[in-house]
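Colleague: Prediction below, plus the sequence it came from.
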Amino acid sequence: MVGITNKIMLAEMRRQQKLSQSIVDGQTAISTGVTLTKPSDNALAWVQVSDIGRAQAQQAAWKANVSYGTSRSGNAEANLSEIDNLLTNAQELLTSARNGSLNDTGRAAISEQLKAIQTSINELLNQKDYQGVSVFDDQQSVLVPVSRGLNIAVVGTKQDVSEGIDINGTSMSIDDMLNQAIAAVESGSDANIAASVDAVQIVQSHIAVEQAKQGVRSDRLETTGTRLTDIGIDLTERRADLESTDLQEVIMRVQSQLLQLDAAQSAYARINQQTLFDLIK
């Protein structure tokens, strides 16, 4: 009889502990607004939340790629714009060099300025960002994953920007073109200087095309980033619906459990006060 009584008492203690834990869980759900904290709360919802969590992690990685790609694209656009400005300066210098009144000193000064422009353009083409990554890719554009099955180039190559430019039927680089322009100024040949002015204009048209291409890359990154943001919002809302607390239902359940626990503890206390003779009567 005593053994049976002890088993009953232990079972009642376990029941009250479970009831107490359920009350604590309910109070936590009320304070945090989250009901789903473990698989046993709702197995199907837990699986769905786990799937959403993995999707959110992947979305975060893609968004980080888009963010970095946007930064690289912005740097490329800025450098292309600066190269265009430098070429405009070169064109102005060459035009002024066609003035027949320039002496050797004047031509030497313009030559030095063109050399400075050449150095600046080369620096812009080979510049690296704070992470040591080149502003422009080398030989081939690096494809960046920004969504499932979608990898995009965020910048062009420095070869695309500066080489293979058709100048009157001859494939030249910006560096080659500026070398010819410097030589033309130093020679004082008006015909050669005039040809260099035309060459600079052709290179500027080429840079304008590269700027347009970079603009398309930037627009694509922006569109992809917006789409990822929208998907992220949808995932967050779906997860919140699965995890969120129905306050009215939880409050009613906790109140009911508090009454049950209070009654059980009162009964347990009365039983504990009884003697063995009371129990076997």
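Modeller: All right, it came through fine.
Colleague: low-confidence ranges in the chain?
Modeller: Low-confidence segments of the chain, defined by pLDDT under 70: 1-43, 45-46, 100-101, 242-281.
Colleague: Show the residue spans covered by the strands in it.
Modeller: For the chain, the strands defined by DSSP state E occupy 143-147, 150-153, 165-167, 170-172.
Colleague: can you list the domains in the chain?
Modeller: Domain ranges of the chain: 2-35+248-279, 46-242, per automatic domain parsing.
Colleague: Among those domains, show me which one is buried the most.
Modeller: Each of the domains of the chain was scored by mean neighbour count; the highest is domain 46-242, a mean of 16, by mean count of other Cβ atoms under 10 Å. C-beta coordinates here come from the backbone N, C-alpha and C atoms, glycine included.
Colleague: list the contacts for residue 82?
Modeller: 120, 124 (Cβ atoms under 8 Å, 6 or more residues apart in numbering).
Colleague: how much space between it and residue 211?
Modeller: Distance, residue 82 to residue 211, using Cβ to Cβ, to the nearest Å: 11 Å.
Colleague: do the same with residue 229
Modeller: Between residue 229 and residue 211 the computed distance is 27 Å (Cβ to Cβ).
Colleague: same deal with residue 57?
Modeller: Residue 57 sits 36 Å away from residue 211, taking Cβ to Cβ as the criterion.
Colleague: can you check residue 118 too?
Modeller: 20 Å.
Colleague: same thing with residue 112?
Modeller: Relative to residue 211, residue 112 is positioned 28 Å away (Cβ to Cβ).
Colleague: the helices in the chain, which residues?
Modeller: Remark: helices assigned in the chain by DSSP state H are 2-32, 43-97, 104-125, 158-162, 174-187, 190-243, 247-273, 276-279.
Colleague: by how many degrees do the fifth one and helix 104-125 diverge?
Modeller: Meaning helix 174-187. Helix 174-187 and helix 104-125 are oriented at 170 degrees to each other (axes from the mean of the first three to the mean of the last three Cα atoms, to 10 degrees).
Colleague: next one: the longest one
Modeller: Direction vectors for helix 43-97 and helix 104-125, defined by the same axes, to 10 degrees, enclose an angle of 170 degrees.
Colleague: From the rest of the structure, what touches stretch 222-238?
Modeller: Residues outside stretch 222-238 that contact it (Cβ under 8 Å, 6+ apart) are 48, 52, 55-56, 59-60, 62-63, 66-67, 70, 146-147, 150, 152.
Colleague: what's the farthest-apart pair in the residues you listed?
Modeller: Largest separation among those by Cβ to Cβ: 48 and 70, giving 32.0 Å.
Colleague: Contact partners for the nearest residue to residue 186 once chain neighbours are set aside?
Modeller: In this structure, residue 186 finds its nearest non-sequential neighbour in residue 111, 5.3 Å apart by Cβ to Cβ, 6 or more residues apart in numbering. Contacts for residue 111 (Cβ under 8 Å, 6+ apart) come out as 182, 185-186.
Colleague: if we take the contacts of stretch 222-238, which one ends up nearest to residue 131?
Modeller: residue 67 (13.0 Å).
Colleague: Now do the nearest residue to the closest one once chain neighbours are set aside against residue 233, distance only.
Modeller: Distances taken as Cβ to Cβ, 6+ apart place residue 225 nearest to residue 67, at 7.4 Å, with adjacent residues excluded. Distance, residue 225 to residue 233, by Cβ to Cβ: 13 Å.
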